[in-house]
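> My questions concern the predicted model and sequence given below.
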Amino acid sequence: MSTSVLRTLPRVLPRAVRTYASRASPLTSPVSGLCGAIGNTPLIKINSLSRETGCEVYGKAEFMAPGGSVKDRAALYIVLDAEKKGLIKPGGTIVEGTAGNTGIGLAHVCRARGYKCVIYMPNTQSAEKINLLRMLGAEVYPVPAVPFADPQNYNHQAARHAEKLDNAVWTNQFDNVANREAHILTTGPEIWTQTRQTGLDGFICATGTGGTLAGTTRYLKDASGGQVQCWLADPPGSVLHTYVQTKRERMERTGNGSITEGIGQGRLTSNLQPDIDLIDDSLHIEDEASIAMVFRMLDEEGLYIGASSALNLVAAARMAQKLGKGSKVATIICDGAARYQTRLFSRKWLESKSLLSAIPSHLHRYIVLP
Ligand SMILES: Cc1ncc(COP(=O)(O)O)c(C=O)c1O
């Protein structure tokens, strides 16, 4: 800008601009490429839930990650770990069996670091998901949806695909502990730093691979000397709620399956196993509460979030109430609603799941799809 132009600018900023400028957090230095932009998401105080509970409820805005979900962190650390261990060299191939966000995270990271990406998924998945992965440059194999015990299950096919290639890695997100490591090194420290002014009493989230809950819990327990309560939030159909409630004696399903995607487990993964004894308690969250929270967050906060994130926020508000007035609880807003919109905002789909009546009538105006 020339100095003559500079001279014509007002010396004092208008009041509105000054107000916003003073609220902005300090900007950090530029980051290196897409991978440098993974992590460091804002921690959002959810004002409506905080007011309602008389507590402070915070959600980590993972929908702001470059690939749009919390799984970008796992994808990056799994690839970095394979590089560090010499398992993959430039031009190699990353193979994973995934129906969702991990594949999207891996596809982004593979483009950014010069690898091919191959994804196996059940052929029951939406065309949007398959198309998005292909648009991101991944090779996608939709295969028949068969149980994990069947050798044709998409996870086993992914493992065999990698075995057949030179310079290829099956990333195995469920049992590859580089996933948990991502959250020990990033999510945990970020939440701890972001709550230094306010304090933090609790952390809660649901598990798919368990990487987020395990890694974040490990860090927060270490940093707080065990003071931060760390709880599991579990959807219907998962076995982990009974496991925590029975002090690791029994693993039985609570309920019959859930509309939430990416969460709920039938076993203890290698990612969760090392930290399961640090989990203080668990809450079972019913789908009716999760779906109502999707619509409530849209209406009251302008937050367009997926069902696993909504489940986490229901859980965080309940945990805060249990911990008592004034308590501060953080959770994860795993991804946005765009990936699920043809289901979550469809009247027919909600009816088919018997969930229409769970949504308060004043929020039905958001159900815009037939
Ligand atoms: C939408 C969504 N929420 C939550 C999770 C659970 O995260 P984690 O695998 O770290 O347990 C996943 C995992 O794929 C997910 O896709």
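Ah, there it is.

> Okay, C205 and K247: tell me how far apart.
Distance of C205 to K247, given as Cβ to Cβ, to the nearest Å: 21 Å. Using the backbone N, CA and C atoms, a C-beta is placed for each residue, glycine as well.

> ok, these two, which is more surrounded?
Comparing C205 with K247 by other Cβ atoms under 10 Å, the one with more neighbours is C205, at 28 against 8.

> I figured the more buried one was touching N312, is that so?
Yes. Assessed by Cβ atoms under 8 Å, C205 is found in contact with N312 at 5.1 Å.

> joint contacts of these two?
Common contacts of C205 and N312, defined by Cβ atoms under 8 Å, 6 or more residues apart in numbering, comprise A233, T331, I332.

> Among the residues you listed, which one has the most neighbours?
Greatest neighbour count in the shared contacts of C205 and N312, by other Cβ under 10 Å, goes to T331: 31 neighbours.

> The helix or strand containing L232 pairs with which strands, parallel or anti?
Secondary structure from DSSP states H and E places L232 in strand 229-234. Next to strand 229-234 in the sheet, as set by DSSP bridges, lie strand 202-205 (parallel), strand 281-284 (parallel).

> Report how many residues lie close to the closest residue to G336 other than its chain neighbours.
Nearest non-adjacent residue to G336, counting by Cβ to Cβ, 6 or more residues apart in numbering: F63, 4.0 Å away. Look at F63: counted by other Cβ under 10 Å, it has 22 neighbours.

> Would you map the strands across this structure?
Taking DSSP state E, the strands of the chain run over residues 43-45, 56-61, 93-97, 116-122, 139-143, 168-170, 202-205, 229-234, 281-284, 328-333.

> The second one - contacts with which helices or strands?
Of the remaining helices and strands, those touching strand 56-61 by 3 or more Cβ pairs under 8 Å, 6 or more residues apart in numbering; DSSP states H and E are strand 43-45, helix 47-53, helix 188-194, helix 307-323, strand 328-333.

> Now do it against strand 328-333, angle only.
30 degrees (axes from the mean of the first three to the mean of the last three Cα atoms, to 10 degrees).

> ok, strand 56-61: who's next to it in the sheet?
By DSSP bridges, strand 56-61 pairs with strand 43-45 (antiparallel), strand 328-333 (parallel).

> can you tell if it touches the ligand?
No. Judged by Cβ under 6 Å from any ligand atom, strand 56-61 makes no contact with the ligand; its nearest approach is 11.7 Å.

> got the angle for that strand vs helix 307-323?
Put simply, strand 56-61 runs at 160 degrees to helix 307-323, going by the same axes, to 10 degrees.

> just the helices in the stretch 201-350 of the chain please.
Per DSSP state H, counting those that start in this stretch, the stretch 201-350 of the chain carries helices over the ranges 211-223, 240-245, 287-301, 307-323, 341-344, 347-352.

> Tabulate those helices (CSV), appending mean pLDDT and mean neighbour count.
As requested, the helices of the stretch 201-350 of the chain are exported to CSV (pLDDT from 0 to 100; neighbours: other Cβ atoms under 10 Å):
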stretch, mean pLDDT, mean neighbour count
helix 211-223, 98, 25
helix 240-245, 98, 21
helix 287-301, 98, 20
helix 307-323, 98, 25
helix 341-344, 93, 18
helix 347-352, 98, 14
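
> Of all these, which one is nearest L278?
Of all these, helix 211-223 sits nearest to L278, with 5.2 Å by Cβ to Cβ.

> hey, C-alpha coordinates of the closest one in CSV?
Below are the C-alpha coordinates for helix 211-223, written out as CSV (Å, rounded to 0.1, in the frame of the first residue of the first chain):
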residue,chain,number,x,y,z
GLY,A,211,-8.4,-42.9,20.0
THR,A,212,-10.0,-39.6,20.9
LEU,A,213,-11.3,-40.6,24.4
ALA,A,214,-8.2,-42.6,25.3
GLY,A,215,-5.5,-40.1,24.2
THR,A,216,-7.3,-37.0,25.5
THR,A,217,-8.1,-38.7,28.8
ARG,A,218,-4.4,-39.8,29.2
TYR,A,219,-3.2,-36.3,28.7
LEU,A,220,-5.8,-34.6,30.9
LYS,A,221,-5.3,-37.0,33.7
ASP,A,222,-1.5,-36.5,33.6
ALA,A,223,-1.7,-32.7,33.3
